[in-house]
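Peer 1: Provided below are the primary sequence and the corresponding predicted coordinates.
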Amino acid sequence: MSAATTAPSPSPRSASGKGDPNRLGHGTVPISEQGPAPKRIVVAYGFWIFLLSDFIMFAGFFAAYAVLVGATAGGPTGTDVFELPLVATETVLLLLSSFACGLAGIAAVQRSTRWFQVAMAATALFGAAFLACELYEFTHLIGEGAGPGRSAFLSAFFALVGCHGVHVTLGLVWLTTMMAQVWAKGFRDDILRRIACFSLFWHALDIIWVALFTVVYLMGAGGA
């Protein structure tokens with residue numbers, strides 16, 4: 001019998017990489033050598049860059065409003081024109097639409113067409129109600145002589161809030177196309193990526209509105 005001993009062969013578990021179920025890189029090919037990222041990661045990354053550019057644009061509107069908030073030209077101030085109960089209703093409607101959008105995302109993962117359509121319809125309903133309240137607010141202010149041409153403060157206000165309203169309107173158009181695509185083609189991979197991007201967009205509008213509600217309405221109505 002030979003005294004030489006042979007090296008133990010690697011276990012099938014370590015050789016197959018099953019000892020690293022979360023793919024953390026231990027015992028597998030290094031991340032730098034694994035090739036391009038999955039398409040869903042690339043698409044999501046690119047859409048985040050788009051959202052960051054949108055945030056920068058809104059930051060410019062917020063900065064303009066902060067500079068011009070006191071330029072009322074003898075006209076009404078935020079304390080005079082802002083109706084917090086109406087704005088609180090708008091906020092609740094938009095948050096409910098975001099919750100329904102989250103449910104739609106869960107339904108898409110579960111491949112449930114019925115619940116996806118129901119959740120997206122609820123998202124659209126709450127979003128449309130939000131826009132109706134915002135349109136009423138604008139028409140009421142203009143009817144009271146507090147339109148965007150009255151002062152620099154009101155110009156900045158209408159520009160900031162109106163820009164957000166335009167984004168919500170475009171989001172509703174996007175939402176209806178997603179409902180139609182799922183109805184006609186099902187949950188294909190490319191459609192799932194679009195749904196994920198829409199969800200990011202819709203929730204980003206919620207984040208912007210919370211900042212807008214705080215900076216414009218709460219601080220404005222309080223005379224800050």
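Peer 2: Perfect, I can see it now. This one's a predicted model, so the numbers in the text were calculated from it and none came from an experiment.

Peer 1: which residue ranges form the helices in this protein?
Peer 2: Ranges of helices in the chain, per DSSP state H, are 12-16, 39-68, 78-81, 84-109, 113-143, 152-185, 189-212, 219-221.

Peer 1: any buried residues in the fifth one, and which?
Peer 2: So that's helix 113-143. Using 16 or more other C-beta atoms under 10 Å as the test for burial, helix 113-143 gives 116-117, 119-120, 122-124, 126-127, 129-131, 133-134, 137-138, 141. Where you see a C-beta, it was placed from the backbone N, CA and C, and this is true even at glycine.

Peer 1: need the helices of the chain in CSV with mean pLDDT, can you?
Peer 2: Compiled in CSV, the helices of the chain are given as follows (pLDDT from 0 to 100):
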stretch, mean pLDDT
helix 12-16, 45
helix 39-68, 88
helix 78-81, 85
helix 84-109, 94
helix 113-143, 95
helix 152-185, 94
helix 189-212, 93
helix 219-221, 78
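
Peer 1: can you tell me what sits against stretch 183-198?
Peer 2: Here stretch 183-198 makes contact (C-beta atoms under 8 Å, 6 or more residues apart in numbering) with 39-40, 43-44, 47, 101, 104-105, 108, 111, 113, 117, 171, 174-175, 178, 181-182.

Peer 1: can you select the buried ones from the residues you listed in ChimeraX?
Peer 2: Remark: buried members of those, expressed as a ChimeraX selection using 16+ other C-beta under 10 Å:
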select :43,47,101,104,105,108,117,171,175,178,181,182
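
Peer 1: pretty sure Leu96 is in contact with Gly127, am I right?
Peer 2: No. Using C-beta atoms under 8 Å, Leu96 makes no contact with Gly127, being 9.4 Å away.

Peer 1: the residue nearest to Phe61 when sequence neighbours are not counted: how many residues sit nearby?
Peer 2: Among residues not flanking Phe61 along the chain, Leu160 sits closest, at 4.3 Å (C-beta to C-beta, 6 or more residues apart in numbering). Neighbour count for Leu160, taken as other C-beta atoms under 10 Å: 20.

Peer 1: same thing with Tyr217?
Peer 2: Close neighbours of Tyr217, defined as other C-beta under 10 Å, add up to 21.

Peer 1: nearest residue to it in space, please, no chain neighbours.
Peer 2: Leaving aside its sequence neighbours, Tyr217 sits nearest to Val87 (C-beta to C-beta, 6+ apart; 4.8 Å).

Peer 1: quick check: the one you found vs Ala204, distance?
Peer 2: Using C-beta to C-beta, to the nearest Å, one gets 20 Å for the distance from Val87 to Ala204.

Peer 1: OK, contacts around Leu86?
Peer 2: 133, 136-137.

Peer 1: do that again at 10 Å, thanks
Peer 2: 133-134, 136-137, 140, 217 (C-beta atoms under 10 Å, 6 or more residues apart in numbering).

Peer 1: make TSV out of those residues and add distance to Leu52.
Peer 2: Shown next, in TSV, are the contacts of Leu86 (distance: C-beta to C-beta, whole Å):
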residue	distance to Leu52
Cys133	29
Glu134	25
Tyr136	32
Glu137	29
His140	34
Tyr217	25
